[in-house]
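> Provided below are the primary sequence and the corresponding predicted coordinates.
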Protein chains: 2
Amino acid sequence: MRQTAGAAGSGQFGLSKPASPGCMNGMSPFTPHVTRSVAHLGEKALIALLVDKFGAAAPPAPEGPGDDCAVLDDSTRRGRRLVTTDSVIYGRHFDAGVLPEDVGRKLIRRNVSDIAAMGGRPSDAILSLQMGGDVDAEWLARFAAGMREAALENDVRLVGGDVVRVTRGAFAAWLTLTGFAEKPMLRTGGRPGDFVYVTGTLGGSILGRHFAFRPRVDEGVFFAAHPAVRAGMDLTDGIAKDLPALIPDKAAAMLALGALPFSDDCLALAAKQGLPPAHLAITDGEDYELLVLADAAGAEAFEADFRARFPETKLTLIGRIVPAAGLSPGRLYDDDGAEIPEGGFDHFA
Amino acid sequence: MRQTAGAAGSGQFGLSKPASPGCMNGMSPFTPHVTRSVAHLGEKALIALLVDKFGAAAPPAPEGPGDDCAVLDDSTRRGRRLVTTDSVIYGRHFDAGVLPEDVGRKLIRRNVSDIAAMGGRPSDAILSLQMGGDVDAEWLARFAAGMREAALENDVRLVGGDVVRVTRGAFAAWLTLTGFAEKPMLRTGGRPGDFVYVTGTLGGSILGRHFAFRPRVDEGVFFAAHPAVRAGMDLTDGIAKDLPALIPDKAAAMLALGALPFSDDCLALAAKQGLPPAHLAITDGEDYELLVLADAAGAEAFEADFRARFPETKLTLIGRIVPAAGLSPGRLYDDDGAEIPEGGFDHFA
């Protein structure tokens, strides 16, 4: 399956860890008042509510909702059609302490980040909802409004979907997002000697950024087109768990832990928890930054080109791919040559 | 949203109604034995198991599983790209009395039926799984084998997906399926005077056919290309609920209840329940037959063309679209001019 790390990752955030101050304005997805519930609305009114809230982000049928299938837009087509899927699930990715708009925005953005990770631009999306009859219609309307906002920001069109009623107290939303890439940036293609770069800053996303990040679409398109870039992905489970997916056979990765770009939230959380910031920077999930491998010979030009094009986006050289001679293939090592444990969470262990 | 009826439909089958004799060989998706569970397998082994079971139905990356997105196959591309989504959920669409292979086959086939309903041919699919740690790895392997079988039957490629761990005792699988149609057959386009046709036979699907149906792909392609056909859809919630979606503005539909093609299971179930077979034929869900509107002027040639091309598939004239003068717009009427109540289930009422 796709996205072993990417999609299945980013687990229990917002539940067992401290919530951000903004979360004090959260709202429960469920209502004890029957007249406010989606069960009371009925299926047709529920779907009309969603389509109404999506507004300009949902085109009319047959491109948009209303027939057996959606007909995808090929007018912006360039190169290959990409597709990815990712979810937001109550009790796993969010709880009643979170704003419904944040949940809706996140569903769009985390999928857009996967398209960005291939160097693509997002296009049409399909939404699948599972919910109990006790879901609050107002919560749902605010969730849909958040989706619309992030969809319009990212040129995503909500072309269709599906609603299934499940047990009370349950809410899960899946988005399947398509996109286009002229020449997709793959995870494979790295070679020993390649430099490892990361965009932005790392760690502490749980303090709020995991709901507020901007997917690196333009940067991804730039990376996919740049001759020095050999492979790339987005960071969802943290470098310790994600980077191994970029390491070629018979190679390992050396990380310069001291060079890692810590976010302010990473430093704040590390101080509070009494942990080294580097630990959080490589094991915290949901950074949604891009991790790329570039040919060392072209690295100077690559860095200059990136900085000229994205003066506002940090790009940091954090390590190198090396032959595995004497090292465990596919693993990470620190400056002192000590192996870094995987650390990222395994969702089925 | 898409598929108001189609996808959200086909609700509680296999749970509250009598199961088919074949269901006696069913299997629970969950195991009390930790060593047999997906939690014990771990995420990587779980995904490897799925990809292994999918076999030839899952191409290698980047077309298949293993990167941030799947890259779709455009080599068979003809006309417009379609997309649809539909699910199988434990406790809603199946229970422990059902064979895991049947659940996997059904997930593929019900999505293929939506592509067929637009006159398309299926292509690439993305799978999203939510499951508790107590899902039985053997059940999952058999579910995946059923998916492979139906995927290969229908030229579906399983190119990617996503796995999320949820609470124990839960299993839900969503498939998002793409396809192509030279000229999609829409639900809109019917006119007063059009004849209403249905393929195959209707009713009593609960006795087993809802797990064993063959999506009408070739018939759908034929319908979409035929000059007499104006609109079409697949039957998932029964004619009483589905046909209104084909009725144009200011029109209604007259149904010849005596002409309805009853399945053997419809007659058996009607006898057992002491109900008229016509009631089951128009309200039972999950027939997955195609319902089309054809220009009455071209109907004779249309019927002859269909029979020449599909000598094995029944095609029955069951009604007509009429101007709504004196009737409620968008509603169905029987031979005697009495309005037929909607009857199909509303999932949120």
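Structure's in. What do you need? Numbers count the residues shown, from 1 in each chain, chains lettered A, B, ... in the order given.
> just the strands in the stretch 101-250 of chain A please.
Listed in chain order, the strands of the stretch 101-250 of chain A (DSSP state E, counting those that start in this stretch) span A:121-132, A:157-166, A:171-181, A:195-199, A:229-234.
> and the last one, average pLDDT?
Strand A:229-234 carries an average pLDDT of 98.
> would you list every one of the helices in chain A?
Along chain A, counting by DSSP state H, helices occupy A:38-41, A:43-54, A:100-116, A:137-153, A:209-212, A:217-225, A:239-242, A:264-273, A:277-283, A:299-309.
> out of the ones you listed, deepest packed?
Of all these, helix A:100-116 has the most neighbours on average by mean count of other Cβ atoms under 10 Å in any protein chain shown, namely a mean of 28. In this view, the C-beta of every residue, glycine as well, is placed from N, C-alpha and C.
> off-centre distance for that one?
In terms of Cα atoms, centre = their mean, to the nearest Å, the centre of helix A:100-116 is found 7 Å from the chain centre.
> any part of it near chain B?
Yes. Residues of helix A:100-116 contacting chain B under Cβ under 8 Å from any Cβ of the partner chain: A:114-115.
> and the angle from that helix to strand B:157-166?
140 degrees (axes from the mean of the first three to the mean of the last three Cα atoms, to 10 degrees).
> which helices and strands sit right next to helix A:100-116?
strand A:80-89, strand A:121-132, helix A:137-153, strand A:171-181, helix A:209-212, helix A:217-225, strand A:229-234 (3 or more Cβ pairs under 8 Å, 6 or more residues apart in numbering or on different chains; DSSP states H and E).
> got those as a markdown table, with distance to chain B columns?
Below are the helices and strands packed on helix A:100-116 laid out as a markdown table (distance: least, Cβ to the nearest Cβ, whole Å):
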| stretch | distance to chain B |
| --- | --- |
| strand A:80-89 | 4 |
| strand A:121-132 | 5 |
| helix A:137-153 | 10 |
| strand A:171-181 | 4 |
| helix A:209-212 | 16 |
| helix A:217-225 | 10 |
| strand A:229-234 | 6 |
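> can you put these in TSV and add distance to residue A:241?
Converted to TSV, those look like this (distance: least, Cβ to Cβ, whole Å):
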stretch	distance to residue A:241
strand A:80-89	16
strand A:121-132	25
helix A:137-153	26
strand A:171-181	22
helix A:209-212	16
helix A:217-225	20
strand A:229-234	11
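> tell me which of the ones you listed lies nearest to residue B:113.
Among these, strand A:121-132 comes nearest to residue B:113, with 16.4 Å by Cβ to Cβ.
> restricting to C-alpha, output that closest one in PDB.
Taking Å, rounded to 0.1, in the frame of the first residue of the first chain, the C-alpha atoms of strand A:121-132 are listed here in PDB:
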ATOM      1  CA  ARG A 121      -0.200  20.300  -8.200                       C
ATOM      2  CA  PRO A 122      -3.600  19.300  -6.600                       C
ATOM      3  CA  SER A 123      -6.700  19.000  -8.700                       C
ATOM      4  CA  ASP A 124     -10.000  17.100  -8.000                       C
ATOM      5  CA  ALA A 125     -11.000  15.500  -4.700                       C
ATOM      6  CA  ILE A 126     -13.500  13.000  -3.500                       C
ATOM      7  CA  LEU A 127     -14.800  13.000   0.100                       C
ATOM      8  CA  SER A 128     -16.000   9.900   2.000                       C
ATOM      9  CA  LEU A 129     -17.800  10.500   5.300                       C
ATOM     10  CA  GLN A 130     -18.800   8.000   8.000                       C
ATOM     11  CA  MET A 131     -20.800   9.500  10.800                       C
ATOM     12  CA  GLY A 132     -23.100   8.600  13.500                       C
END
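> direction included, what does that strand pair against?
strand A:157-166 (parallel), strand A:171-181 (antiparallel) (DSSP bridges).
> which stretch in those is the model least sure about?
Mean pLDDT values for the strands paired with strand A:121-132 show the minimum at strand A:157-166, a mean of 91.
> ok and the residue in the stretch 151-300 of chain A nearest chain B?
residue A:160 (3.2 Å; Cβ to the nearest Cβ).
> now do residue A:319 against residue A:244, distance only.
In this view, residue A:319 and residue A:244 are 12 Å apart by Cβ to Cβ, to the nearest Å.
> cool, residue A:180 as well?
In terms of Cβ to Cβ, residue A:180 sits 28 Å off from residue A:244.
> between those two, which one's more packed in?
For the pair residue A:180 and residue A:244, the greater number of neighbours falls to residue A:180 (20 against 17), based on other Cβ atoms under 10 Å in any protein chain shown.
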